[in-house]
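> Generate coordinates for the sequence data below:
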Amino acid sequence: MPDEADTRIDPFTRVARGMELTAVQADFVHGVVGRPPAQDDALHHATTELVGMRNQYRYSRTECYEHVYLNNNFYAWQCLQGVEQGLADVDRCHYIKLAEALYLFVWREKIIPTLGVVLIDLAQGKTDGKIVGYQGGDFGALSNFAVGASAQVLNLTRHQLT
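Take a look at the predicted model:
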């Protein structure tokens with residue numbers, strides 16, 4: 001998570017300096033659990049399989065969001081129902097395929113410093129993960145909570161130019 005000073009750099013300055021719009025950073029390290037890695041271990045890699053997909057995620061009876069996976073680096077979200085209803089944004093993201101129809105989706109928000117890590121299971125129609133950020137404006141206290149939703153693919157668009 002970025003410190004307060006990094007968070008306070010405005011978007012115009014970030015662009016002028018060639019910085020990412022978000023101050024939240026993510027590094028991905030792949031490995032194996034329970035034994036030393038073997039040379040033939042297949043490691044997970046970034047995927048483009050979600051690009052062009054438009055999904056609806058229902059977190060509760062009162063919370064519902066839509067995601068549109070725009071390209072390899074960005075997705076758009078909007079709150080359809082809930083406390084953020086009417087809000088929308090485009091944020092930096094990463095997609096990693098773990099198995100058939102199972103993806104690790106990581107996003108890094110730019111307005112409120114937040115890192116989300118979610119497994120999207122399209123076969124089961126659900127997600128499970130965590131969101132980490134700061135508690136309100138307190139840069140000394142982290143907020144770390146579980147999230148999960150039912151997932152529905154609304155449509156898939158493949159652009160001829162990509």
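> okay, CA-based contacts and neighbour counts for the rest of this
Will do.
> how about the nearest residue to S60, chain neighbours excluded?
Closest residue to S60 apart from its sequence neighbours, by C-alpha to C-alpha, 6 or more residues apart in numbering: A149 at 7.3 Å.
> how many other residues sit next to the one you found?
Using other C-alpha atoms under 10 Å, A149 has 20 neighbouring residues.
> That one should be in a strand, yeah?
Yes - counting by DSSP: H, G, I helix; E, B strand; the rest coil, A149 falls inside a strand.
> List the contacts of it.
By C-alpha atoms under 8 Å, 6 or more residues apart in numbering, the contact set of A149 is Y57, R58, Y59, S60, K126, T127, D128.
> at 10 Å what do you get?
A149 is in contact with 56-60, 63-65, 118, 120, 125-129, counting by C-alpha atoms under 10 Å, 6 or more residues apart in numbering.
> For it, give its distance to T62.
Remark: distance between A149 and T62 (C-alpha to C-alpha, to the nearest Å) = 12 Å.
> what's the weakest-modelled helix or strand in the chain?
Within the chain, no helix or strand scores below strand 45-46, which has a mean of 90 by mean pLDDT, DSSP states H and E.
> Quick check: what element follows that one along the chain?
Per DSSP states H and E, the first helix or strand lying C-terminal to strand 45-46 is strand 53-60.
> for that following strand, packing partners?
Judged by 3 or more C-alpha pairs under 10 Å, 6 or more residues apart in numbering; DSSP states H and E, the packing partners of strand 53-60 are strand 63-69, strand 74-81, strand 126-135, strand 138-156.
> export those to TSV and tack on mean pLDDT and distance to G31?
Below are those laid out as TSV (pLDDT from 0 to 100; distance: least, C-alpha to C-alpha, whole Å):
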stretch	mean pLDDT	distance to G31
strand 63-69	98	27
strand 74-81	98	26
strand 126-135	96	19
strand 138-156	96	24
